[in-house]
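Asker: Take a look and give me a structure for this.
(4 chains)
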Protein chains: 2
Amino acid sequence: MAARMTTSSYAVLALLSLKPWTGYELTNQAQRSLRYAWPKSERLLYSEPKKLVTLGYATTHKEKAGKRSRNVYEITGEGREALAGWTETKTQPPRFEIEALLRLLFADHGTLEAVRGALDELETDVRDHHQAIVELMGSYLNGGHPFPERTHLSVLFATFQIDMFKGIERWVDFARTEIGQWPSTRGLGMNERTEELTRLLAHDESPLDT
Amino acid sequence: MAARMTTSSYAVLALLSLKPWTGYELTNQAQRSLRYAWPKSERLLYSEPKKLVTLGYATTHKEKAGKRSRNVYEITGEGREALAGWTETKTQPPRFEIEALLRLLFADHGTLEAVRGALDELETDVRDHHQAIVELMGSYLNGGHPFPERTHLSVLFATFQIDMFKGIERWVDFARTEIGQWPSTRGLGMNERTEELTRLLAHDESPLDT
DNA sequence: ACTATATACTGAACAATGCAGTAGAGTCAA
DNA sequence: TTGACTCTACTGCATTGTTCAGTATATAGT
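Answerer: Residues are numbered from 1 along each chain as shown, chains lettered A, B, ... in the order given. Okay, here's the model as predicted:
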């Protein structure tokens, strides 16, 4: 009956290792800080701590403020041991879901405006999060990290995000320029420009670097 | 009863728009070509074409070779209309699941070797796919694209992948160098180097570019 | 007093994954 | 030629994860 530990369970357990949280705080914190490494739904993040309790990795108690009550979760010694064990296990391969790219790959079923729209949406999403992380780093400079002793980890993680976001924004610009040369979404095939790009890629050179 | 169309349904429908496929071919093709835009399980890719049939977007018939039989799926006119309609709809925001980054973020529960291991696994996964795409581009140069009129789309999509893979590999190198300076996974906090990195990031500059 | 937003969740339906199982066909080596 | 292995070609079932709607209190602004 005691369900198994998924990567999501360890993610929540890792948050609990920092301090006790209420279910609500946990969902919010997880959605903010893990958004670009391990994105999970609010619903799941409410369920995971309950599972941790049944496994003995956390304890729970209700706190009440007036007529409201909330569940507070706290990690146990066994929970910390489980976390340490997790660090030694194999990771799952990375997974990238980018619908805008799917739209590009099948852009020949729609108009140029439609692909451009998909790229714009990708750019907007990425820009927003990019901006948010830059601001977060600004707040860290003013002593704003909630767990100061962990700043080195957050910051190294942030280098990944900033770097990836910049990369995607740069690619979207590039893709828009390329598409700007297309007379239509279809039937272009292996023309001169495409051949040039293919040649670069086949030599493991990115057309964005040159 | 007639389940709704998900993005995955459209992905399969888009493949069907290229030519008729058997279920088996479809799962293989989808896992190869959509792996880095819309990764889906074999199981789902067997189920989707059946749903398309119930919705009238595809037809199916059994072919047999000896005692073996296989299901062939073909797109209908309505299926093509549905695809065209899809291109006009909003995309979902991108989603990145990278367990190795989660391990980095909570690296203080394990050893330096453990984080390095996670980064190594990420690098290996990315390298393999990077290599595969470079080779695919080589084959395109020799007229190897199965749908030549769609080469421009595949190649622009490939620029994204190559660019992203290079970016991740570069970051993994960077992260390894940084971690190489750490005496342990924990308690480092906001030291000089971290402050330097934070300052760069807060000004929207990537330490990898400088 | 009213509206909007934040807090603080839960149930149920549905989407997607993982895994085991079934079974025919071709290849290669002892 | 028999056995082992891999590829083709799926399906059923249990479990994991998402979406959406619903419930209800608290607080801030107009």
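Asker: and stretch A:29-40 with DNA strand C, contact?
Answerer: No: Stretch A:29-40 stays out of contact with DNA strand C when judged by C-beta under 7 Å from any atom of the strand, the minimum separation being 11.0 Å. (C-beta placed from N, C-alpha, C; glycine too.)
Asker: And that stretch, what's buried?
Answerer: A:29-30, A:33-38, A:40 (16 or more other C-beta atoms under 10 Å in any protein chain shown).
Asker: Just the buried residues of stretch A:184-199, please?
Answerer: Per 16+ other C-beta under 10 Å, stretch A:184-199 contains these buried residues: A:185, A:188, A:190, A:193-195, A:197-198.
Asker: ok, which of these also contact chain B?
Answerer: For chain B, the contacts drawn from the buried residues of stretch A:184-199 by C-beta under 8 Å from any C-beta of the partner chain are A:185, A:188, A:190, A:194-195, A:197-198.
Asker: could you pick out which of those are near DNA strand D?
Answerer: Counting by C-beta under 7 Å from any atom of the strand, no member of these is near DNA strand D.
Asker: pLDDT and secondary structure added to these, as TSV?
Answerer: Below are these laid out as TSV (pLDDT from 0 to 100; DSSP: H, G, I helix; E, B strand; the rest coil):
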residue	pLDDT	secondary structure
A:185	90	coil
A:188	79	coil
A:190	86	coil
A:194	94	helix
A:195	94	helix
A:197	96	helix
A:198	96	helix
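Asker: any chance of those residues in JSON lines, with distance to residue B:209 too?
Answerer: JSON lines is the format used below for those (distance: C-beta to C-beta, whole Å):
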{"residue": "A:185", "distance to residue B:209": "33"}
{"residue": "A:188", "distance to residue B:209": "33"}
{"residue": "A:190", "distance to residue B:209": "33"}
{"residue": "A:194", "distance to residue B:209": "29"}
{"residue": "A:195", "distance to residue B:209": "30"}
{"residue": "A:197", "distance to residue B:209": "23"}
{"residue": "A:198", "distance to residue B:209": "27"}
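Asker: Closest to residue A:72 out of the buried residues of stretch A:184-199?
Answerer: residue A:185 (54.1 Å; C-beta to C-beta).
Asker: Check the gap between the closest one and residue A:191 for me.
Answerer: According to C-beta to C-beta, to the nearest Å, residue A:185 and residue A:191 sit 14 Å apart.
Asker: Next: residue A:133.
Answerer: 39 Å.
Asker: Mind giving me the packing neighbours of the helix or strand bottoming out on mean pLDDT in chain A?
Answerer: Every helix and strand in chain A was compared by mean pLDDT, DSSP states H and E; the lowest is strand A:58-65, with a mean of 89. Counting contacts by 3 or more C-beta pairs under 8 Å, 6 or more residues apart in numbering or on different chains; DSSP states H and E, strand A:58-65 packs against helix A:42-54, strand A:68-75.
Asker: How far does it sit from its chain's centre?
Answerer: How far strand A:58-65 lies from its chain's middle: 29 Å, per C-alpha atoms, centre = their mean, to the nearest Å.
Asker: Can you lay out the helices and strands packed on strand A:58-65 as CSV showing distance to DNA strand D?
Answerer: Output for the helices and strands packed on strand A:58-65, formatted as CSV (distance: least, C-beta to the nearest atom of the strand, whole Å):
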stretch, distance to DNA strand D
helix A:42-54, 3
strand A:68-75, 4
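Asker: give me the element the residue nearest the centre of chain A is part of.
Answerer: For chain A, residue A:36 is the residue whose C-alpha lies nearest the centre (C-alpha atoms, centre = their mean; 1.4 Å). Per DSSP states H and E: residue A:36 is located in neither a helix nor a strand.
Asker: from memory it sits against residue A:129, does it?
Answerer: Yes: judged on C-beta atoms under 8 Å, residue A:36 makes contact with residue A:129 at a distance of 6.8 Å.
Asker: Give the residues shared as contacts by these two.
Answerer: residue A:161 (C-beta atoms under 8 Å, 6 or more residues apart in numbering or on different chains).
Asker: Against which helices or strands is the helix or strand hosting residue A:175 packed?
Answerer: Assigned by DSSP H and E, residue A:175 falls within helix A:151-180. Applying 3+ C-beta pairs under 8 Å, 6+ apart, we find helix A:151-180 packed against helix A:112-141, helix B:99-105, helix B:151-180, helix B:192-202.
Asker: interface residues of chain A facing DNA strand C?
Answerer: Residues of chain A lying near DNA strand C (C-beta under 7 Å from any atom of the strand): A:22-25, A:28, A:42-43, A:46, A:50, A:65, A:68-71.
Asker: Roughly how far does residue A:66 sit from residue A:25?
Answerer: 18 Å.
Asker: quick one on the thing from earlier: which of the helices and strands packed on strand A:58-65 has the highest mean neighbour count?
Answerer: Counting by mean count of other C-beta atoms under 10 Å in any protein chain shown, helix A:42-54 has the highest mean neighbour count of the helices and strands packed on strand A:58-65, with a mean of 18.
Asker: Out of the helices and strands packed on strand A:58-65, flag the one nearest residue B:11.
Answerer: Among the helices and strands packed on strand A:58-65, helix A:42-54 sits nearest to residue B:11 (C-beta to C-beta), with 23.7 Å.
Asker: export the closest one as CSV, just CAs?
Answerer: Extracted C-alpha coordinates of helix A:42-54, given in CSV (Å, rounded to 0.1, in the frame of the first residue of the first chain):
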residue,chain,number,x,y,z
GLU,A,42,-0.2,22.2,-7.8
ARG,A,43,-2.4,19.1,-7.3
LEU,A,44,0.5,16.7,-7.2
LEU,A,45,2.4,19.0,-4.9
TYR,A,46,-0.4,18.8,-2.4
SER,A,47,-0.5,15.0,-2.6
GLU,A,48,3.2,14.3,-2.2
PRO,A,49,3.7,15.4,1.4
LYS,A,50,0.9,13.1,2.4
LYS,A,51,2.6,10.2,0.8
LEU,A,52,5.8,11.2,2.6
VAL,A,53,3.9,11.0,5.9
THR,A,54,2.7,7.5,5.2
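Asker: could you give the angle of it to strand A:58-65?
Answerer: Inter-element angle recorded for helix A:42-54 and strand A:58-65: 120 degrees (by axes from the mean of the first three to the mean of the last three C-alpha atoms, to 10 degrees).
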